[in-house]
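Participant: sequence-free structure coming up:
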């Protein structure tokens, strides 16, 4: 099942970059939980379809452009861990922003049930159980 999980995550990243809330919602469970650390919504948790729509609305308010450029997809069996960066341009200032981004995904019944994003790579590695002791 893990190869399918990685493919689901790739589809979700594409939906994020296209701001396709319909596709995003279809790939996630009804009780999907999205814990964020991305600028403009840092530290919030978004739940279900309503949460997905709220997240994208807030990002559109804060940023003219935003997308995830992911370099690495790691199959962890029951979870998937991806690393890359978020690229954005501020709505008011026009200032470009590039920040590291790691995301950890959980799955249930063939869909993504939870995702947690991190701007701190070491914190993300610990959460994924990948940190060296």
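Facilitator: Alright, I've got the coordinates. Computed from a predicted structure; not experimentally measured.
Participant: Pretty sure residue 94 sits against residue 65.
Facilitator: No - using CB atoms under 8 Å, residue 94 makes no contact with residue 65, being 9.9 Å away. Quick note: C-beta positions are derived from backbone N, CA and C, even for glycine.
Participant: Which of those two has more residues huddled nearby?
Facilitator: residue 65 (12 against 9; other CB atoms under 10 Å).
Participant: So the more buried one lies in a strand, does it not?
Facilitator: Yes - checked against DSSP: H, G, I helix; E, B strand; the rest coil, residue 65 lies within a strand.
Participant: how close does residue 117 get to residue 109?
Facilitator: In this view, residue 117 and residue 109 are 22 Å apart by CB to CB, to the nearest Å.
Participant: and those two? which has more neighbours close in?
Facilitator: residue 117 (20 against 6).
Participant: quick one: contacts for the more buried one?
Facilitator: 35, 36, 37, 38, 101, 102, 103 (CB atoms under 8 Å, 6 or more residues apart in numbering).
Participant: Save those as TSV, and put in distance to residue 127, neighbour count and secondary structure too.
Facilitator: What follows is the contacts of residue 117, written out as TSV (distance: CB to CB, whole Å; neighbours: other CB atoms under 10 Å; DSSP: H, G, I helix; E, B strand; the rest coil):
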residue	distance to residue 127	neighbour count	secondary structure
35	10	16	strand
36	14	22	coil
37	11	20	coil
38	15	24	coil
101	13	22	strand
102	9	26	strand
103	10	27	strand
